[in-house]
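Trainee: Have a look at this fold, sequence not included:
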């Protein structure tokens with residue numbers, strides 16, 4: 001599962017990201033896209049967040065590399081503030097049925113996305 005987040009031209013950047021993500025495999029499912037308030041750095045616009053379930057033959061390291069390339073193509077500039085506004089943020093949340101994103105506990109909507117798209121994964125409560 002890949003999570004998507006954006007608070008700069010969100011709808012446009014989500015659309016562009018989905019086109020690129022389709023080139024990495026088959027998008028099996030997609031969560032609802034929701035608006036959320038920024039949690040760690042609050043002085044910025046709301047985020048659009050969502051997730052896709054991607055069937056891919058890419059290894060985890062290949063997938064992460066491709067996600068960083070897509071972020072760069074869409075104009076993401078990384079700064080010292082890890083929580084600054086961004087055109088797009090793409091993260092592998094689950095891979096081969098395992099949770100690999102450490103931010104799952106920090107962002108409750110990620111838990112909701114896992115429950116929507118992969119209810120078979122047992123989440124610690």
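Mentor: Now that the structure is in, tell me what you want to look at. It should be emphasised that the depicted structure is a prediction, and the values quoted were computed from it without experimental measurement.

Trainee: tally of neighbours for residue 117?
Mentor: Neighbourhood size, residue 117 [other Cβ atoms under 10 Å]: 18. (Each C-beta comes from the backbone N, C-alpha and C, glycine too.)

Trainee: tell me, which strand in this protein spans the most residues?
Mentor: Assignment by DSSP state E gives strand 47-55 as the longest strand of the chain.

Trainee: tell me the mean pLDDT over the very next helix or strand once past it?
Mentor: Later in the chain than strand 47-55, the nearest helix or strand by DSSP states H and E is helix 60-73. Taken as a whole, helix 60-73 has an average pLDDT of 97.

Trainee: buried ones in helix 60-73?
Mentor: 63-64, 66-67, 70-71 (16 or more other Cβ atoms under 10 Å).

Trainee: and what of stretch 54-61?
Mentor: 54, 56, 58.

Trainee: gap between the nearest residue to residue 8 once chain neighbours are set aside and residue 13?
Mentor: Counting by Cβ to Cβ, 6 or more residues apart in numbering, residue 8 lies nearest to residue 87, which is 4.8 Å off, once chain neighbours are set aside. To residue 13, residue 87 is 5 Å away according to Cβ to Cβ, to the nearest Å.

Trainee: what sits against the nearest residue in space to residue 45 that is not next to it in sequence?
Mentor: The shortest distance from residue 45 to any non-neighbouring residue, by Cβ to Cβ, 6+ apart, is to residue 7 (4.6 Å). Contacts for residue 7 (Cβ atoms under 8 Å, 6 or more residues apart in numbering) come out as 38, 44-48, 85-86.

Trainee: any chance of those residues in a markdown table, with neighbour count, distance to residue 3 and pLDDT too?
Mentor: Formatted as a markdown table, the contacts of residue 7 follow (neighbours: other Cβ atoms under 10 Å; distance: Cβ to Cβ, whole Å; pLDDT from 0 to 100):
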| residue | neighbour count | distance to residue 3 | pLDDT |
| --- | --- | --- | --- |
| 38 | 16 | 15 | 82 |
| 44 | 15 | 18 | 82 |
| 45 | 13 | 18 | 89 |
| 46 | 12 | 16 | 93 |
| 47 | 23 | 11 | 92 |
| 48 | 20 | 11 | 96 |
| 85 | 15 | 17 | 85 |
| 86 | 22 | 13 | 88 |
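
Trainee: I appreciate the help and will end here.
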